[in-house]
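# Below: sequence and its predicted model.
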Amino acid sequence: MKKLENMLEHQLNEGQSVTYPDFESMWERIEHKNTTSFHARMSSGSQKQGRNWSKIALVSSFSVLLAAAPVYAAVHYNWDTMLREKGGIQAALAQNLGQKLDQSVTKDGVTLKLHTAIVDENRTVILFTLDVGQRQDSETWRVTEMTLKGTEGGNSSGEYNYLNWDEKNQIYNGYFESEWTPEKDTVNVQLVTNDIQAFSEQSLDLPLDIHSTETQSFPIGQEGMRSIEVKPFTQGQEKMLFSSAIIFDQPEAKEWAYPNIVGYKNGTLINSLPGGTFGTPGEKGEYTAQQYFKAEDVSGGQTTYKLQYMKKEKDVNGPLSFDLQLSKKQMESGTIKTSLNLPLEAGETDYTLENMVVSPTQIRVTVRSKDIDNGFPYKKYALEVAGKTLEGNLWRSPEGEPELTVLRFERPVDLEITKETPITFVAKYKVTQHGSYKITKNNDDKIPLLLTNISQKKQTIIQQLNGYPVKWTYYMQGSDLYVETGSEDARFGGINQTHIGLGKERILGKPLTVNFAGDGNNKAIDVYKDFKGTEATIYMFYYTTDDPDKETRVQIQL
């Protein structure tokens with residue numbers, strides 16, 4: 001669960017303004033190579049005002065005059081919509097720091113063209129376009145597995161790409177980013193993509209009975225999907241949870257089908273609530289999902305349900321590759337590296353701000369933890385720089401360094417930063433973890449709870465944890481034991497996962513819900529398949545508590 005939470009946390013940070021299932025923007029989201037295909041998809045759909053686009057366009061137009069430069073020249077192209085959340089890249093283009101590529105490959109009537117590379121100490125970005133010819137209104141295209149090859153250690157890390165449809169010019173604008181940057185001034189690499197694919201949205205009637213607490217099974221027989229199992233859960237008075245699992249006859253279809261349940265009340269689409277998860281692998285390779293709806297939205301009236309999914313229509317098989325010579329030399333003059341070694345909280349040494357790298361496009365702050373089992377404890381983070389507030393995003397730890405947390409802050413177009421610029425790091429909304437996955441000799445930190453008279457009847461126990469009342473509900477359905485936990489106190493963050501017994505003989509509960517630290521949802525459900533007996537001594541790995549008002553401030557530069 002902890003690993004899954006880390007995988008998906010960046011998805012929330014980057015895509016919080018888009019509600020699933022918005023398929024047009026789904027492939028405008030981050031798809032990191034290091035995890036599952038569902039890791040970290042980011043939408044470019046959210047909008048912020050205040051960009052000085054006219055200034056950027058004016059400066060970029062001078063690129064024609066710079067064409068004689070051997071490597072560097074900003075390409076005159078309108079990337080405004082796609083880069084509205086990427087002020088640092090806009091700033092680099094405005095300063096003519098883009099590296100002209102001007103390479104294209106055409107196959108099966110589809111043209112992938114690389115326009116500009118922006119390379120600095122924090123990241124490598126490539127702007128490209130995808131011309132698919134006569135595009136049908138029902139089509140959604142994506143570029144799969146775009147990667148830099150020839151970098152140290154093989155494929156580069158932390159890669160993603162997304163597309164943004166330009167209605168006016170009838171072309172896709174593309175954005176590729178990698179955490180990799182050249183160690184030398186100039187290096188030779190390859191940019192490779194495996195496939196370019198087109199999809200259409202499809203749906204299938206789903207005769208779901210939300211009043212039944214039993215697991216309901218339905219055949220599918222479409223797009224490599226054999227069948228779906230759905231189990232509804234009531235989450236308090238306000239929410240309904242649909243926990244589903246889909247078995248695929250064609251496992252490769254998991255990469256593009258994105259199945260999800262949609263509801264209609266009196267013919268009007270019901271919006272799902274945030275916090276759902278999709279694509280988590282089940283014990284037998286199933287595609288599992290959890291979706292939340294308002295209870296009042298799915299009750300009463302004429303409510304119908306459909307399984308919505310994507311069908312592959314076209315496939316331009318690769319690989320399509322480009323030989324590139326990339327350099328960060330021109331960006332180095334605007335790069336500032338600072339060793340910090342500052343405590344995150346006064347008087348505490350559990351977390352230390354280790355260093356900061358200010359590049360022309362981005363500010364990166366790394367935080368080191370003493371305990372690799374504990375993630376960064378704050379859920380909101382920002383930099384106050386010369387009177388401006390820069391909101392940050394949390395990125396995955398560097399490979400081989402799980403104790404490091406990387407926070408990235410996009411640099412606005414009009415922000416000048418020197419070694420004398422005042423910079424303050426601000427973190428808010430603290431989440432504290434109590435307990436861990438670590439196995440101790442005496443298990444003193446394990447708090448047992450005895451479940452008695454286990455039967456088909458729902459029974460509850462109220463347990464006090466650190467002063468918080470936690471409600472345990474347990475019951476049998478068929479041969480399976482279900483254990484639900486939660487608290488009416490919003491400052492209780494939730495129990496991550498339970499297990500019955502200790503040591504090698506312990507039985508792990510299978511989580512049916514995926515909760516994120518600080519998401520405001522402390523309700524969780526575990527299931528024990530084929531449970532035998534009428535009693536169980538149950539334990540938790542850890543639980544969390546929330547302090548939304550907690551704030552820490554660290555002066556990085558005076």
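Arrived safely.
# what pLDDT, on average, does stretch 410-430 get?
Regarding stretch 410-430, the rounded mean pLDDT is 93.
# tell me which residues in it are buried?
The neighbour-count check on stretch 410-430 (16 or more other C-beta atoms under 10 Å) flags 410-413, 415, 417, 423, 425-430 as buried. Just so you know, the C-beta spots here come from the backbone N, C-alpha and C atoms, and that holds for glycine as well.
# pretty sure E313 is in a strand, no?
Yes - under the criterion used here (DSSP: H, G, I helix; E, B strand; the rest coil), E313 sits inside a strand.
# what's the burial count for the closest residue in space to it that isn't next to it in sequence?
Closest residue to E313 apart from its sequence neighbours, by C-beta to C-beta, 6 or more residues apart in numbering: A198 at 4.7 Å. A198 has 20 neighbours, counted by other C-beta atoms under 10 Å.
# If A198 is in a bridge, with which residues?
Counting by DSSP bridges, A198 forms beta bridges with W141, K314.
# Which pLDDT value belongs to it?
pLDDT at A198 comes out at 96.
# Nearest to F376 among the buried residues of stretch 410-430?
F376 lies nearest to A427 out of these, by C-beta to C-beta, at 8.3 Å.
# From what I see, that closest one and L407 are in contact.
No - look at A427 against L407 with C-beta atoms under 8 Å: they stay out of range, at 9.0 Å.
# Please enumerate the shared neighbours of the two.
Common neighbours of A427 and L407 are listed as Y381 (criterion: C-beta atoms under 8 Å, 6 or more residues apart in numbering).
# circling back to that earlier point, please report how far the residue nearest to E313 lies from T485.
In this view, A198 and T485 are 44 Å apart by C-beta to C-beta, to the nearest Å.
# Kindly report the same for R142.
38 Å.
# What of L112?
L112 is 49 Å from T485, by C-beta to C-beta.
# Same question for T129.
As judged by C-beta to C-beta, T129 and T485 stand 50 Å apart.
# Which one's more surrounded, those two?
Neighbour count, other C-beta under 10 Å: between T129 and T485, T485 has more, with 26 against 19.
# now the more buried one, which residues is it bridged with?
Beta bridges link T485 to W472, A524 when assigned by DSSP bridges.
# Hmm, it is touching V470, no?
Yes - between T485 and V470 there is a contact at 6.2 Å, judged by C-beta under 8 Å.
# Find the residues that touch each one of these two.
Taking C-beta under 8 Å, 6+ apart as the criterion, T485 and V470 both touch I495.
# So, low pLDDT: which residues of the stretch 51-200 of the chain?
Applying pLDDT under 70 to the stretch 51-200 of the chain flags the ranges 51-77, 151-157.
# can you give me the helices for it?
With DSSP state H, counting those that start in this stretch, the ranges of helices along the stretch 51-200 of the chain come out as 53-60, 87-94.
# Summarise which helices and strands the last one is packed against.
What it means is helix 87-94. Helix 87-94 is packed against helix 53-60, strand 110-119, with contacts defined by 3 or more C-beta pairs under 8 Å, 6 or more residues apart in numbering; DSSP states H and E.
# chain center to it, what's the gap?
How far helix 87-94 lies from its chain's middle: 24 Å, per C-alpha atoms, centre = their mean, to the nearest Å.
# quick one: contacts for I220?
For I220, the contact set (C-beta under 8 Å, 6+ apart) comprises L204, R226, S227, I228, I246, L307.
# again, 6 Å this time
S227, I228 (C-beta atoms under 6 Å, 6 or more residues apart in numbering).
# and it, how far is that from K314?
From I220 to K314 the distance is 22 Å (C-beta to C-beta).
# Kindly report the same for F199.
The gap separating F199 from K314 is 8 Å, by C-beta to C-beta.
# More neighbours: which of these two?
F199 (24 against 16).
# Double-check the more buried one against S138; I have them as touching.
No - if you go by C-beta atoms under 6 Å, F199 and S138 don't touch, sitting 9.1 Å apart.
# what's around L465, how many residues?
Using other C-beta under 10 Å, L465 has 16 neighbouring residues.
# Look at it and report its pLDDT.
Per-residue pLDDT puts L465 at 92.
# If it is in a bridge, with which residues?
Beta-bridge partners, per DSSP bridges, of L465: Y468.
# For S487, see how far away it is.
Counting by C-beta to C-beta, the separation of L465 from S487 is 8 Å.
# Poorly predicted segments of the stretch 401-550 of the chain, please.
Within the stretch 401-550 of the chain, the stretches with pLDDT under 70 are 438-445.
# the strands in it, which residues?
404-410, 423-435, 449-451, 459-465, 468-477, 480-486, 492-495, 498-500, 507-508, 510-511, 524-528, 536-540, 542-557 (DSSP state E, counting those that start in this stretch).
# and these, which is most packed in?
Highest mean neighbour count among these (mean count of other C-beta atoms under 10 Å): strand 492-495, with a mean of 25.
# mind saving the C-alpha coords of that one as PDB?
Presented in PDB, the C-alpha positions along strand 492-495 are these (Å, rounded to 0.1, in the frame of the first residue of the first chain):
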ATOM      1  CA  PHE A 492      -7.900  10.600  12.100                       C
ATOM      2  CA  GLY A 493      -6.200   9.900   8.800                       C
ATOM      3  CA  GLY A 494      -7.000   6.200   8.500                       C
ATOM      4  CA  ILE A 495      -5.700   2.700   8.900                       C
END
